[in-house]
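1. Got a predicted structure here, sequence first:
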Amino acid sequence: MSSRIHIVVDESEKEQFVRRAREEGKNLSQWLRDVARQALLRGDGGPKLTSVDQLRSFFARCDERESGREPDWDEHRRIIEQSVARGAGGA
C-alpha cells in the first residue's frame, strides 16, 4: 500500500530538485524517493569529513562533478532579479 508524504520546501529549492530529477530522467517523486533511500542506506547521515585530506578530496569531487564557473555576486543578483521578474514558471 502506498502512502503520501507532504514536505515543505522553498520554491528555489523545489526548482533545483526538479531540475536534478529531470537530469537523471526521473520525475520529482521518483528522485526524492531515491535520494531518501540512499540516505537510509548510508545509515549515519552521510560521510563525515574528519581530516584536511578528506576535505580536499570532497572539494575535488565537487569540482569534477560541476561544470562552468561560479558567477560573482553581481551576476548572481542579476540572475535572481530576472528570475523574480519572470515568475516561477518563466521562460
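-> Cool, the structure landed. Numbers count the residues shown, from 1 in each chain.

2. can you give me the offset of the strand or helix carrying residue 61 from its chain's centre?
-> For residue 61, the host element (DSSP states H and E) is helix 52-65. Centroid separation between helix 52-65 and its chain, computed with CA atoms, centre = their mean, to the nearest Å, is 17 Å.

3. Now the element after that helix, going C-ward?
-> helix 73-86.

4. low-confidence ranges in the protein?
-> 44-46, 88-91 (pLDDT under 70).

5. Now for residue 18: which residues touch it?
-> Contact partners of residue 18, counting by CB atoms under 8 Å, 6 or more residues apart in numbering, are residue 28. All C-beta atoms are positioned from the backbone trio N, CA, C, and that covers glycine.

6. Secondary structure class of it, three-state.
-> Of the three states, residue 18 takes helix under DSSP: H, G, I helix; E, B strand; the rest coil.

7. gap between it and residue 64?
-> 24 Å (CB to CB, to the nearest Å).

8. Check residue 54 too.
-> As judged by CB to CB, residue 54 and residue 64 stand 16 Å apart.

9. So these two - more neighbours on which side?
-> Taking neighbours as other CB atoms under 10 Å, residue 54 and residue 64 compare with residue 54 leading, 12 against 8.

10. Please report how far the more buried one lies from residue 60.
-> Counting by CB to CB, the gap from residue 54 to residue 60 is 11 Å.

11. now swap in residue 4 and tell me
-> For residue 4, the distance to residue 60 equals 39 Å [CB to CB].

12. what about those two, which has more around it?
-> With neighbours defined as other CB under 10 Å, residue 4 and residue 60 compare such that residue 60 has more, 10 against 5.

13. Who are the contact partners of the more buried one?
-> Under the criterion of CB under 8 Å, 6+ apart, the contact list for residue 60 is empty.

14. quick thing: my sequence starts at 543, can you match it?
-> OK, 543 is where the count begins now, so the last one is residue 602.

15. Many thanks, have a good one.
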